[in-house]
Each structure stands twice: as structure tokens, then as C-alpha cells.
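Engineer: The following comprises the amino acid sequence and a computationally predicted model.
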Amino acid sequence: MTTSVLIAGAGPVGLTAALMMARHGTPLRIIDVNEGPTTLSKALVVWRRTLQVLDPALPWQRVLEGHIRAERGLFFDSGKPIAELPFESGDHGMPAGVFIPQCDTEQLLTEALAEHGVQVERSTKLESFEPGDEGVVCSLSTGETLQTPWLIGCDGAHSTVRHTLDLAFPGETVDQRWLLADIIIDGDAPQGAAVMEGGPQGPVALFPISESRWRVIASAGERAPGQDYADPTVEDIQRVIDTRSAMNWTIREALWLGQFGVNERQIASYVHGRVLLAGDAAHVHSPAGGQGMNTGMQDAANLAWKVSLVERGAAARSLIDTYQAERHPIGAAVVKYTGRMLKAAMIENSIVRSLRGTAMHLALSVPALRRKVASALTEDVVCYRNSPLAGGGGTRRLCPGDALPDRVWGDGLVSDALRGAEALHISDADAGPAQLGLGGFPIRRVVDAALVAELGGQVLVRPDGVIAAMGEVHISQWVESLSSKAH
Ligand SMILES: Cc1cc2nc3c(=O)[nH]c(=O)nc-3n(C[C@H](O)[C@H](O)[C@H](O)COP(=O)(O)OP(=O)(O)OC[C@H]3O[C@@H](n4cnc5c(N)ncnc54)[C@H](O)[C@@H]3O)c2cc1C
């Protein structure tokens, strides 16, 4: 039996899982059926909450470098501006999001992983596997058979792992075609903005990839079951811009022309003994709001430290169940609200559209509502306060299960202290647990009484940047309960 965890799929989710395990020194292998990495721009936004969970192993400044800070959403109807949604809110030092093509995100993750000595094994398919109590026997297309303690299925929407386990993927298929284009434009474009446009001919969304390179997504009418449709031409996309957009653009070059359909589905359980699923293998939904890749990468960061801790015998196996408890409800909520966003965007009736425009204009002129909508998009709202893993302590403003808030600390933010570290104890005294679980990850201690007072008590921060427990007694109890059943 190999001691290496096997990650099937080196898309953004598998790479995140691998990086977050490699940072704890967990032996792992990551395989992908494809010969090389994707060159497509696919998912274009990495939102702030994803930047936060990646930050300990991939600082957000590296993600932002050479890419575009997401500053606002602009809404138009029939070519007329109706509302603006600024993304920067609160006291975060990180950008609300970064517009970065998926191929660049994957490259950054691959480079960070290589710094830990891990390479993706390409042209290697997970063909089949047999799950058992002590491990999973996997057959690879290279002819190799291996037994792994944990198989992590990050193998996308058509997941071999999901199919092999014969898991239902309940939900629905939206009967709508969408055109997609990645184009170089001539013409003026708004800075740092995603653009959403409605109109009688259906919605169009525009996302910046660089100053002159943009993604166009446009509805293209109903999709008849079983029918094949041709990809759009440059002329089709230019017509969409001319007739449905406020942008005065001419397409200079098209880099990618395609089409897609939308499925809204989620499996019932992400944990099946020693087989775990994450990302598109576990949930798929509308691209509205750019949540898909982000949700998957956060799944991966959530499971990675848990599997690592259990694998080294420092925590009870039941810790893995908290992956389901914490991430499944988040996935369910994302499937639901991205579906609603899509339905709202699809309204064609002019009276209903006009009402929608007025409601949006009024709502987004209220600062509190603006902040609420923006923090749903940036996923700042993701919290695990109701998780069985949320420890005791906390204040009305800050509780276990919340993300560690950004606070200025030294020359940067307090979250910087988690870089290169595995867990964090913000304390007013140089004492407290030294390890996360018996024989588990070392805890970095930040002794800063002013910071403790500002946060409302001592804080123990999990490897994924989430507050585990607050207050000296609760922190000790949390660490004890983590390891009590492990040995
Ligand atoms: C046009 C488009 C636009 C999008 N825009 C956004 C956006 O703006 N924001 C956002 O968050 N999301 C967006 N998404 C969704 C996003 O691309 C996906 O959610 C994301 O790629 C999912 O990542 P993943 O790693 O789970 O799966 P994938 O990216 O699909 O990766 C799965 C990997 O597994 C490999 N694999 C499959 N089967 C096997 C096997 N048996 N053995 C070994 N390897 C295997 C595949 O080769 C692949 O590399 C968009 C998607 C599309 C298509």
C-alpha cells in the first residue's frame, strides 16, 4: 500500500487540493488524463474568499500580478446604464477579486506545487477503483495498480469517481444555449469591471481578461434536446455586440469561439468512506456570478488539511465528516442562487425587465444592500458557524466558523502570518497549544495583546484561514477534542 493520497484530476480544484496537502508535507500523487494543462480562459474570476484560502501557500499578490483587480459590476438594460455595484467593501486589504484566465490560475497553482516538489502526472487516467475500509485500490491507464489511503475525485463534471460510485447527480438541465467568445477588441472598455446587459434579445455578459481581451457570454435561445448546434462565428459575436451591447467594440481577433449549456446539479454526499469528491465532480451550476471554480477550490482547501491531519494520525477519522457538514450546504446554496441569478438575467418581457432595472437601481443605491450583494459574490459571506467543528467562544461580531478578518499587522495583514505556517494562534501570552492535534501540524503563535483585544479574544486559526475557537479555554478544548479519538 502506498502512503500517498491520490488526487484524480489536475484542474483548479485538484491542484488546490494538492497544493494545500503538499504544504503540510502530506505524501500525494496527482494525475490527469490530459497530456498538458488547459490553454483555455474558462473561469475568469478568483474571488476574495478563494484568494484568502489560497494565500498561505499562494499569496494573493502573486495572483494579482499581471492581472486585473475586480472593482465593480456594471448593469445595463437595452444599452442604458441602470446600476453599478462596487466590489470593494469593508476593511479588506485583498482585492475583492482578480480577473484571471483559468489557464493562468492553473499555472500559478502548478508552479506553487512544484515548489513543494510535486509534479502533475499527465496522460494518466484513473480507469477504475475498488473502495475498501483501509484504502482504495486504483487502476490507472498506465497499467499501474495502486492502493491509496484516500482517493480525492477532482475529475470534473463527467467524473469517473462519481460514475464508478454510481452516485446520482440530481438537479436539472437548463434548456438554453449560450454562446461564448474570447476576443481582442478595438474600442473603449470600462476598467476593472464586469458588465451585465439585459435587453429584448436576451442577456450578454462581458468580462475583462486583459485591457483589450474580453470574454463575451450571450444567450442564444432554447436548446432542443438531442440537437447539435454549430459554434458561433466572429460575425455572430460582432452582431451580438452591435445589437445587444452598450459597448462600441469591433472584434480584431477571436481567440476562442464556443458554446455551452447549463446544468444545476449536486451529489447528496461528498464523502464515501475513503473516497471524497470536490469541485465540478460534486456540483455544477450556472456560471452566473463566477462561483463554480471558486466553490470547488474552497472545497479542496477545506478537505486538504482534514485529510492531512487524519492521515498522520493526529485527528479522528470523523474529522473528514465535517467536510460534508461544512461544504455541502455551501454548494447547495451556490446551485440555488446562481440558478436564480440566471433566471433573473433571462427575463425578456420589457415591463418585467423595466421593473427589474428599477428594483436593482434602488437596491444598489442603499450602501448596506450593496455590501450584502457584493459580499455574496466575493464569497466573504461563506462561514461555518453552524459546523460541528466550530469551537466555543466568540463575540457578536466574530465567531468560530468565520474567516479570520483582515487586520493590519506589521507591514501587512494578520493573515500574512499564516503564510508558510500551518495553523495560527493569536494570543496575548506565549503559551497555549503548540500543535494542531497530537503529533499534528505545528501552530505558529502571534503574541499581540492589542490584536487580541481588537479581535475580542485569543483566536485559533485553522489551516484554511477559518477561526476554530476563541478564548484560551475554548482553544484548548478544541485542540483536545480534535485529537482525543485519534490514537
Ligand atoms: C466557459 C466557462 C466559463 C466559466 N466561468 C467561470 C467563472 O467565471 N468563474 C468560476 O468560478 N467558474 C467558471 N466556470 C466553471 C469552471 O471552469 C469549473 O467550475 C472548474 O473548471 C471546475 O474545476 P474542477 O477542477 O472541478 O474540474 P475541471 O476543471 O473540469 O478539471 C477536471 C480535470 O480532471 C481531469 N480528469 C477527468 N477525468 C479524469 C480521470 N478519470 N482521470 C484523471 N484525470 C481526469 C480532466 O482532464 C481535468 O483536467 C466556467 C466554465 C466554463 C466552461
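Structural biologist: Yes, it's here.

Engineer: closest point of the stretch 51-200 of the chain to the ligand, which residue?
Structural biologist: The minimum distance from the stretch 51-200 of the chain to the ligand, using CB to the nearest ligand atom, falls at Gly156 (2.8 Å). Where you see a C-beta, it was placed from the backbone N, CA and C, and this is true even at glycine.

Engineer: ranges for the strands of the stretch 51-200 of the chain?
Structural biologist: 68-69, 72-77, 80-86, 97-99, 120-121, 126-131, 136-140, 145-148, 151-153, 171-186, 193-198 (DSSP state E, counting those that start in this stretch).

Engineer: Briefly note if the fifth one comes near the ligand.
Structural biologist: What it means is strand 120-121. No - contact of strand 120-121 with the ligand (CB under 6 Å from any ligand atom) is absent, the minimum separation being 9.1 Å.

Engineer: before we move on, back to that, name the nearest residue to the residue of the stretch 51-200 of the chain closest to the ligand, sequence neighbours excluded.
Structural biologist: Asp280 (4.7 Å; CB to CB, 6 or more residues apart in numbering).

Engineer: Roughly how far does the one you found sit from the ligand?
Structural biologist: Asp280 sits 4 Å away from the ligand, going by CB to the nearest ligand atom, to the nearest Å.

Engineer: List the contacts of Gly198.
Structural biologist: Gly198 makes contact with Phe75, Phe76, Asp77, Ser78, Ala345, Ile347, Arg353, Arg356, Gly357, according to CB atoms under 8 Å, 6 or more residues apart in numbering.

Engineer: any idea which of those has the most stuff around it?
Structural biologist: Within those, most neighbours by other CB atoms under 10 Å means Asp77, with 23 neighbours.

Engineer: hang on, isn't that one packed against Gly202?
Structural biologist: No - with contacts counted by CB atoms under 8 Å, Asp77 stays clear of Gly202, the gap being 12.0 Å.

Engineer: tell me which residues form a beta bridge with the residue lying closest to Val275 once chain neighbours are set aside?
Structural biologist: Spatial nearest neighbour of Val275, chain neighbours left out: Leu151 (4.8 Å); criterion: CB to CB, 6+ apart. Note on Leu151: beta-bridge partners by DSSP bridges are Leu6, Val275.

Engineer: Offset the numbering so it begins at 51, please.
Structural biologist: OK, 51 is where the count begins now, so the last one is Leu201.

Engineer: Next, count neighbours for Leu201.
Structural biologist: 26.

Engineer: cool, and the one 4 residues further on?
Structural biologist: Other residues within reach of Asp205, judged by other CB under 10 Å, total 28.

Engineer: what about it, distance to Gly182?
Structural biologist: As judged by CB to CB, to the nearest Å, Asp205 and Gly182 stand 20 Å apart.

Engineer: residues in contact with Gly451?
Structural biologist: Contacts of Gly451 by CB under 8 Å, 6+ apart are Cys433, Tyr434, Arg435, Asn436, Ser437, Leu439, Ala440, Val516, Ile517.

Engineer: Quick one: list the elements packing against the lowest-mean-pLDDT helix or strand in the chain.
Structural biologist: Here the helix or strand of the chain ranked lowest by mean pLDDT, DSSP states H and E is helix 400-413, holding a mean of 79. Where contact means 3 or more CB pairs under 8 Å, 6 or more residues apart in numbering; DSSP states H and E, helix 400-413 is packed against strand 122-127, strand 130-136, strand 243-248, helix 417-427.

Engineer: pLDDT score assigned to Arg377?
Structural biologist: Arg377 carries a pLDDT score of 98 in this model.

Engineer: Assign it to helix, strand or coil.
Structural biologist: helix (DSSP: H, G, I helix; E, B strand; the rest coil).

Engineer: Quick check: the closest residue in space to Tyr373 that isn't next to it in sequence vs Leu135, distance?
Structural biologist: Closest residue in space to Tyr373, ignoring its immediate chain neighbours: Leu353 at 4.6 Å, by CB to CB, 6+ apart. Applying CB to CB, the value for Leu353 to Leu135 is 32 Å.

Engineer: Between those two, which is the more surrounded one?
Structural biologist: For Leu353 and Leu135, the more surrounded residue by other CB under 10 Å is Leu353, and the numbers stand at 29 against 22.

Engineer: What residues does Gly86 make contact with?
Structural biologist: Contacts here follow CB under 8 Å, 6+ apart; on that basis Gly86 touches Arg172.

Engineer: Just to be sure, it is in a strand?
Structural biologist: No - assessed with three-state DSSP, Gly86 is coil; it does not lie in a strand.

Engineer: Would you agree the residue nearest to Gly206 is in contact with Gly342?
Structural biologist: Yes - with contacts counted by CB under 8 Å, Asp330 reaches Gly342, the gap being 6.8 Å.
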